[in-house]
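In: Predicted model, plus sequence, below.
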Amino acid sequence: MLAQTWTSLNEENTMPRETLTIRLAEPSDYDKLWAFFQENNRADVTAHFQPFPLTEESARFICHEEKKDRYYLAFDGEQLIGLSMLRGWDEGYDIPAYGLIIDYRLHTKGFGTVVVNHAFAEARSLGSPGVRITTHATNDAVNHFCRKHGFEMLSKEPIELDGKPNHKIVWQLNFTPDSA
Ligand SMILES: CC(C)(COP(=O)(O)OP(=O)(O)OC[C@H]1O[C@@H](n2cnc3c(N)ncnc32)[C@H](O)[C@@H]1OP(=O)(O)O)[C@@H](O)C(=O)NCCC(=O)NCCS
């Protein structure tokens, strides 16, 4: 297995934006994605990321299977720093569900925003009328993002998460000619 290393991080533990590339996952990304999943398979990530488990099978499916759904990988140079996805087209939905993970060591540095904006531009260019995000009331980063970017709250249902009361929230952004 290919190990992730972080030696290229600079002293502030941030990365220059010009080295960030985002592209569709490919079969040759499998080792890096599986390593990324293992490193990010932590409660603070998986508590809010629940579309699928961060397993070897999920990494294989993302990198190797033909599909309409889109799985994008964000790299700083050669280092995989995030996964972003538009899902639902394979199941026949018009509006894809969006999900993302940024490496837990790199949160709150602006990478999530760059990766989200890339995916929304992709969804628009693929003819989607909008995007949908399902999250929890306690996912402050995602709820903040959705409010800031004009998402409409479609539903808010009480659920239990890790033995505690929470809410499942579904947000939707309808693209207009002017929206990003
Ligand atoms: C959600 C996630 C992708 C955000 O990535 P990120 O790189 O930290 O995001 P950014 O640095 O671009 O921050 C985006 C905004 O959220 C805010 N934010 C980030 N983390 C926050 C937190 N814990 N609480 C409140 N606001 C937060 C930032 O301040 C920023 O606000 P701004 O645009 O007004 O400046 C990241 O926390 C993550 O991977 N979480 C685990 C998986 C997950 O929850 N996925 C989403 C559900 S599928």
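Out: Cool, the structure landed. The structure displayed is predicted, hence computed values, not measured ones.
In: Quick check, pLDDT for the residue of the chain found nearest the ligand.
Out: For the chain, the residue closest to the ligand is Gly112, as judged by Cβ to the nearest ligand atom, at 2.4 Å. C-beta: built from backbone N, CA, C; applies to glycine. pLDDT for Gly112: 92.
In: Assumed it was part of a helix.
Out: Yes: according to DSSP: H, G, I helix; E, B strand; the rest coil, Gly112 belongs to a helix.
In: and the residue nearest to it when sequence neighbours are not counted, how many neighbours?
Out: What sits nearest to Gly112 in space, not counting adjacent residues and going by Cβ to Cβ, 6 or more residues apart in numbering, is Ile102, at 4.9 Å. Ile102 has 24 neighbours, counted by other Cβ atoms under 10 Å.
In: Number the chain from 561, please
Out: From this message on, residue numbering opens at 561, which makes the last subject Ile662.
In: How many residues are close by Lys728?
Out: By other Cβ under 10 Å, neighbour count at Lys728 equals 15.
In: which residues touch the most centrally placed residue in the chain?
Out: In the chain, the residue lying closest to the centroid (Cα atoms, centre = their mean) is Leu660, at 0.9 Å. For Leu660, the contacting residues are Gly642, Leu643, Ser644, Met645, Gly672, Val675, Val676, Ala679, by Cβ atoms under 8 Å, 6 or more residues apart in numbering.
In: same thing but at 7 Å, please
Out: Contacts for Leu660 (Cβ atoms under 7 Å, 6 or more residues apart in numbering) come out as Gly642, Leu643, Ser644, Gly672, Val675, Val676.
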